[in-house]
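In: Test case, fold it:
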Amino acid sequence: MTRPLRATHRPDSPDSFDIAQYIDGIAGFLGGTANVIMQLSAPPVGYGVVESTVDSGKVMLHPVKRLRTTLTYLAVAMLGTDAERAAYREAVDTAHRSVRSTASSPVRYNAFDPALQLWVAACLHWGAKDLYERMHGRMDEPTADAFYRHGARLGTTLQMPETMWPADRRAFDEYWTATLAQTSIDATIRGYFQDLIELRMLPRPAQLAFGRLHRFFVTGLLPQHLRDEMGLTWTEHDERILGRILRALGAAESRLPRPIRVFPLNAYLLDLRIRRRLGLRLV
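Out: Next up is the predicted model:
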């Protein structure tokens, strides 16, 4: 049994789209590291993270805090109000102001570059749709169109102008294919990715318990080009196993009440609202 795909979303009424129907909380955990690798495979994004001097945002130093800020961003971008997105954008901007290349950096980068933010948003959108359809089946055309339009918020919650979001799904596919082909992973960034894949930010027992399974999901959810860049092996047998696991998870999750399906994004959105009310830091 899969969650029904509703075909009631007209192209001229994006505000009527109920995005919460198409959000799987577990997807953020299954696909998180693979999506980070996609984003950082663009060298300016990768070196912006690896060379960042903002220690409070480094996953290798503060994995729990980094998880909170990342999932809160996804929650507010997809589920939050305009005011909440504006507040989180301002908080992220504060953290991003110092993220820019120096004279010794191998590539030029600036965290405020809207072209880089477009790539990050594109990775998030592509990964969300890919996992949803692996778990629940293909979206029908009206749903896929509405889901795509809503995805622009993943960029506009940063500094990306909405006009930069490709006009439609065909334009997005062209952008995605062309930009993905230009990505590359050098030894420095590959070493950072290996640390993420092996869960080296976690205590040793957690690495031993979950590292192999984590590598399996990361490898399976990467586009083939990036598997090749990382030197990761993936077989047709692996693909069949991953497909069965994801379909089983999707079938089980479809039977759950919506608040449980969306968790933990709904919890992080509530945390954001409490922080705003109490005047606490959002990032």
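In: For residue 44, see how far away residue 185 is.
Out: Residue 185 sits 13 Å away from residue 44, going by CB to CB, to the nearest Å. Every residue, glycine included, has its C-beta placed from N, CA and C.
In: These two: who's more crowded?
Out: Set residue 185 next to residue 44 and count neighbours by other CB atoms under 10 Å: residue 185 wins out with 22 against 19.
In: so where's this protein uncertain?
Out: Within the chain, the segments meeting pLDDT under 70 span 1-15.
In: hey, where'd the helices end up in it?
Out: Along the chain, the stretches classed as helices by DSSP state H are 25-40, 43-50, 63-79, 82-96, 114-136, 141-151, 153-156, 169-181, 187-197, 204-221, 224-230, 236-253, 258-262, 265-278.
In: got TSV for the ones you listed, with distance to residue 108 too?
Out: Output for the helices of the chain, formatted as TSV (distance: least, CB to CB, whole Å):
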stretch	distance to residue 108
helix 25-40	16
helix 43-50	7
helix 63-79	24
helix 82-96	16
helix 114-136	11
helix 141-151	27
helix 153-156	20
helix 169-181	17
helix 187-197	15
helix 204-221	28
helix 224-230	21
helix 236-253	37
helix 258-262	39
helix 265-278	33
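In: Surely residue 145 and residue 170 touch.
Out: No: here residue 145 lies out of contact with residue 170, judged by CB atoms under 8 Å, at a distance of 10.7 Å.
In: And the two? Which one has more around it.
Out: Legend: neighbour count by other CB under 10 Å for residue 145 and residue 170, higher for residue 145 (18 against 9).
In: measure the more buried one to residue 162 for me?
Out: Residue 145 is 16 Å from residue 162, by CB to CB.
In: Equivalent analysis for residue 89, please.
Out: Using CB to CB, residue 89 is found at 13 Å from residue 162.
In: more neighbours, those two?
Out: Using other CB under 10 Å, the more surrounded residue of residue 89 and residue 162 is residue 89, with 18 against 10.
In: how about the closest residue to that one other than its chain neighbours, what does it touch?
Out: Nearest non-adjacent residue to residue 89, counting by CB to CB, 6 or more residues apart in numbering: residue 157, 5.6 Å away. Residue 157 makes contact with 73, 76, 77, 85, 88, 89, 92, according to CB atoms under 8 Å, 6 or more residues apart in numbering.
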